[in-house]
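K.L.:
Have a look at this prediction, sequence included:
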Amino acid sequence: MGKLKSYQEQLQDIVEKGINAAEEQQKKLSSKPFEYAEKLESEAREYSVKNLRTRYYGYSESLFDQLRNLNSRVGSFAADLVAKLEKEAAEGADVVADAADEVTSVAQSTKATAQAKKPAARKTTARKSTSTAKKDSETA
């Protein structure tokens, strides 16, 4: 089950990298209009473009922080799920091991019983064949 945990962590890292890449691209794309607006700002002082940019980036950072938080929560959920699966697998393995031990015990007991019966049958057969051999030699 360690593999499941590894997959969960890899998935979480991939999502984190995707979020970071999306944030970086978004900032690159959005910087051009702000650059043009800052040039125009010197001519039209009605709005503070720098203030607008600051607000915009603040909202963007808040959005991406929320996405990271969501990724962390999904990761925690996945980790809990993996832990439950590992626990169930371990319990299942214990049940199988107990059953295997019981089967082994019964098989050994049956084998011992069978072996105890075989030598007695052989001795009886051996005596009969010896006495049969004596009778054959006496008649010949």
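P.N.:
Received, thanks. Numbering: from 1, shown residues only.
K.L.:
Please count neighbours and contacts with C-alpha atoms only from this point.
P.N.:
OK.
K.L.:
for the protein, which spans come out with low pLDDT?
P.N.:
Within the chain, the segments meeting pLDDT under 70 span 1, 42-47, 118-140.
K.L.:
What ranges does it have for its helices?
P.N.:
Taking DSSP state H, the helices of the chain run over residues 2-41, 49-139.
K.L.:
Kindly reformat those as TSV containing mean neighbour count.
P.N.:
Converted to TSV, the helices of the chain look like this (neighbours: other Cα atoms under 10 Å):
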stretch	mean neighbour count
helix 2-41	14
helix 49-139	13
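K.L.:
Let's see stretch 18-34 as CSV, backbone CA atoms only.
P.N.:
C-alpha atoms of stretch 18-34 as CSV (Å, rounded to 0.1, in the frame of the first residue of the first chain):
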residue,chain,number,x,y,z
GLY,A,18,0.0,22.9,-12.4
ILE,A,19,-1.3,25.5,-10.1
ASN,A,20,2.1,27.3,-9.9
ALA,A,21,2.5,27.2,-13.7
ALA,A,22,-1.1,28.5,-14.2
GLU,A,23,-0.4,31.3,-11.7
GLU,A,24,2.9,32.2,-13.4
GLN,A,25,1.3,32.2,-16.9
GLN,A,26,-1.6,34.3,-15.7
LYS,A,27,0.7,36.9,-14.3
LYS,A,28,2.7,37.0,-17.5
LEU,A,29,-0.4,37.4,-19.6
SER,A,30,-1.9,40.0,-17.4
SER,A,31,1.3,42.1,-17.1
LYS,A,32,1.1,43.5,-20.6
PRO,A,33,-2.2,45.4,-20.2
PHE,A,34,-1.0,46.8,-16.9
